[in-house]
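Enquirer: Return a 3D structure for these sequence lines:
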Amino acid sequence: MESRAWRYRFEEVPWGEIDAWFRQLAQRYPHFQHMADIVESVIACDGAARLAALTSMHDLVVAARPVPDEPLIEVVIVRSPSSGRVGSGEVLIEHRTVSGRDEVITRLSGDAVPLFWRFMIEKFGVAPVR
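Expert: Residues are numbered from 1 along each chain as shown. Sure thing, here's the model as predicted:
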């Protein structure tokens, strides 16, 4: 299988900056609210200490810490409504692996936060801390 893992250096962005970015988008474009909700849940559940992130256009790209210095890097990508991969009112989350055994799930955007954490637990062994 061909790997679709992250092929670039993982230029991490602080979760606080990502939070501000998605909050601003959600205020202007309500169909981005689930993206802001995911980021807020990571911060609220102490996920920032265990997960690294960056944005690619309007998509959220997440990797487990410690992030490898060199690609290929296993990631989970939350696709935004502007990605062209998912419609308004939906969320698409994909796990991209080094082995090529990727997984992609689309659900209603109201299910975005639990679906995100399902991926974090199953793929990275990172559960939310309450």
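
Enquirer: all contacts plus neighbour counts: C-alpha atoms, from now on.
Expert: Will do.

Enquirer: Any figure for the gap between residue 123 and residue 97?
Expert: 9 Å (CA to CA, to the nearest Å).

Enquirer: More neighbours: these two, which one.
Expert: A side-by-side neighbour count of residue 123 and residue 97, using other CA atoms under 10 Å, places residue 97 first with 20 against 17.

Enquirer: The more buried one contacts residue 71, correct?
Expert: No: counting by CA atoms under 8 Å, residue 97 stays clear of residue 71, with 11.3 Å between them.

Enquirer: Next, show the common contact partners of these two.
Expert: Residues touching both residue 97 and residue 71 (CA atoms under 8 Å, 6 or more residues apart in numbering) are residue 5.

Enquirer: what does the longest helix along the chain rub up against?
Expert: The longest helix of the chain (DSSP state H) is helix 15-28. Contact with helix 15-28 is made by 32-33, 35-36, 39-40, 43, 48, 52-55, as judged by CA under 8 Å, 6+ apart.

Enquirer: let's see 7 Å
Expert: Applying CA atoms under 7 Å, 6 or more residues apart in numbering, the contact partners of helix 15-28 are 32-33, 35-36, 39-40, 48, 53.

Enquirer: Compare the residues you listed and tell me which has the most neighbours.
Expert: Ranked by neighbours (other CA under 10 Å), the contacts of helix 15-28 are led by residue 35, which has 27 neighbours.

Enquirer: does that one count as helix, strand or coil?
Expert: Put simply, residue 35 is helix when judged by DSSP: H, G, I helix; E, B strand; the rest coil.

Enquirer: Disregarding flanking residues, what is the spatial nearest neighbour of it?
Expert: In this structure, residue 35 finds its nearest non-sequential neighbour in residue 22, 6.4 Å apart by CA to CA, 6 or more residues apart in numbering.

Enquirer: Could you say which helix or strand holds the closest residue to residue 2 other than its chain neighbours?
Expert: Spatial nearest neighbour of residue 2, chain neighbours left out: residue 100 (5.3 Å); criterion: CA to CA, 6+ apart. If you go by DSSP states H and E, residue 100 is not part of any helix or strand.

Enquirer: Give the burial count for residue 100, as a bare number.
Expert: Using other CA under 10 Å: residue 100 sits among 14 other residues.
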